[in-house]
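Visitor: Have a look; sequence and predicted model below, questions after that.
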Amino acid sequence: QFAQKDGYRFFMEKEIYEQSSVVSDCMLGRIKDNEILFDEIEASIIEGINEIKICACGTSYHAGLTASYLFERLSKVKCNVEIASEFRYKDPLLTKDTLFIVISQSGETADTLEALKMAKAAGLKTLVVCNVDNSSMTRVADATILTRAGIEKGVASTKAFSTQTVVLWMLALYFAKAKNVISNELLENELHTLREVPKTLCISDKIHEKMKRLSKRYLHGHGFFFIGRDVFFPLALEGALKLKEISYLHAEGYPAGEMKHGPIALADPELFTIALMPKNLLYDKIKSNVEELSARDSTICAISPLDFELADDFIKINKTDHYMLEFFEMLIVLQLFSMEISIRLGNDVDMPRNLAKSVTVE
Ligand code: G6P
């Protein structure tokens, strides 16, 4: 309640910098030797489950979308994700072989809470991934996994997202192991990578300075497309959402391969493309998508560990050997990008206009 900015300009900045340590907290006691442990749930939660349905709003929805790739890839369970306000009124078909997961920083978002109650009333097993203990959702759900991010004051969510993503990634591995669908070798490698995440989230002065400098040029943008593939698509959505929330600039997140089906018609030098180009996942595919945009004169800002000659601006991230480490490296870049633009525009970074931290009305 008495949170201080500790020398940072805004709570959002402090929270971006805290991510490395809160992600460590969130893994504490949950990764042991060659295993994932969640004392708060039973491995039997996945028994008889053929499908996972995730429901959430805002940034938490983006964590859910990211997780859907991991649940299918690692746990080999069908997974779909829905925005809670859409789910509520579509007369959803719910079957008892579905595990219903809601994700919420606050545990109080009205639409997500109602979706959870609907699933529970339909007899589904329910699980909430939440940052606030004893919140409404934790009282309704059969099981709770806390993200341990600490109080988040900035309206634009940052550390809640990174901890949610890590919890869901661990959960995907936990299910994979319980279902016996993952090789020891792959599991070992994933756990090793998870342990590297806090280090990846440490922010160098160099990258922050770079984002400060770049923000000068990009605050004049009229339209931004953040593009990525696979888990970098939800990350693109999150990058665009951050920019909208605190900079009030128009931004869209898009799956890179989908640009040719419409949005590429907008390409001209005034269109800023922020391209997420990981080395470890579909690099050639995203590269050719970005080349198409460059050929149509879009201004390209590429974020990648690999040099990319067509980029008008290039943000180099560290070379790693796992796409999820690239994911977190890029997350930091995107968060700093929107924050620095917002600061230059003179906006109130922590309390953006028209937004609330927690939306408890429909
Ligand atoms: C509000 C906040 C967002 C947040 C969303 C969902 O719109 O401004 O930052 O992502 O609610 O909140 P929740 O607490 O359910 O994660």
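Guide: That came through fine. Numbers count the residues shown, from 1 in each chain.
Visitor: The protein: strands as residue ranges?
Guide: Ranges of strands in the chain, per DSSP state E, are 31-32, 35-36, 51-56, 78-83, 98-104, 125-130, 143-146, 223-228, 251-255, 271-276, 299-304, 313-316.
Visitor: Of all the residues in the stretch 151-300 of the chain, which one is nearest the ligand?
Guide: Across the stretch 151-300 of the chain, no residue is closer to the ligand than residue 157, which sits at 3.9 Å (C-beta to the nearest ligand atom). All C-beta spots, glycine's among them, are computed from the backbone N, C-alpha and C.
Visitor: give me every residue that touches that residue.
Guide: 58-60, 105 (C-beta atoms under 8 Å, 6 or more residues apart in numbering).
Visitor: so which of the residues you listed is the most crowded?
Guide: Scoring these on neighbours with other C-beta atoms under 10 Å, the highest-scoring entry is residue 105 at 28 neighbours.
Visitor: helices and strands around the helix ranked longest in the chain, which ones?
Guide: Secondary structure of the chain per DSSP state H: the longest helix is helix 323-344. Using 3 or more C-beta pairs under 8 Å, 6 or more residues apart in numbering; DSSP states H and E as the contact test, the elements touching helix 323-344 are helix 11-27, helix 159-178, helix 184-200, helix 205-218, helix 232-247, strand 271-276, strand 299-304.
Visitor: want to throw these into TSV with mean neighbour count, distance to the ligand and mean pLDDT?
Guide: Formatted as TSV, these follow (neighbours: other C-beta atoms under 10 Å; distance: least, C-beta to the nearest ligand atom, whole Å; pLDDT from 0 to 100):
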stretch	mean neighbour count	distance to the ligand	mean pLDDT
helix 11-27	22	11	98
helix 159-178	25	6	97
helix 184-200	16	20	98
helix 205-218	16	21	96
helix 232-247	26	7	97
strand 271-276	26	20	96
strand 299-304	23	22	97
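Visitor: As a markdown table, the ones you listed with distance to residue 310 would be great.
Guide: A markdown table is the format used below for the helices and strands packed on helix 323-344 (distance: least, C-beta to C-beta, whole Å):
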| stretch | distance to residue 310 |
| --- | --- |
| helix 11-27 | 29 |
| helix 159-178 | 30 |
| helix 184-200 | 26 |
| helix 205-218 | 17 |
| helix 232-247 | 18 |
| strand 271-276 | 10 |
| strand 299-304 | 6 |
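Visitor: Figure out which of those is closest to residue 114.
Guide: helix 159-178 (19.9 Å; C-beta to C-beta).
Visitor: distance between that closest one and the chain's centre?
Guide: Distance, stretch centre to chain centre, for helix 159-178: 11 Å (C-alpha atoms, centre = their mean, to the nearest Å).
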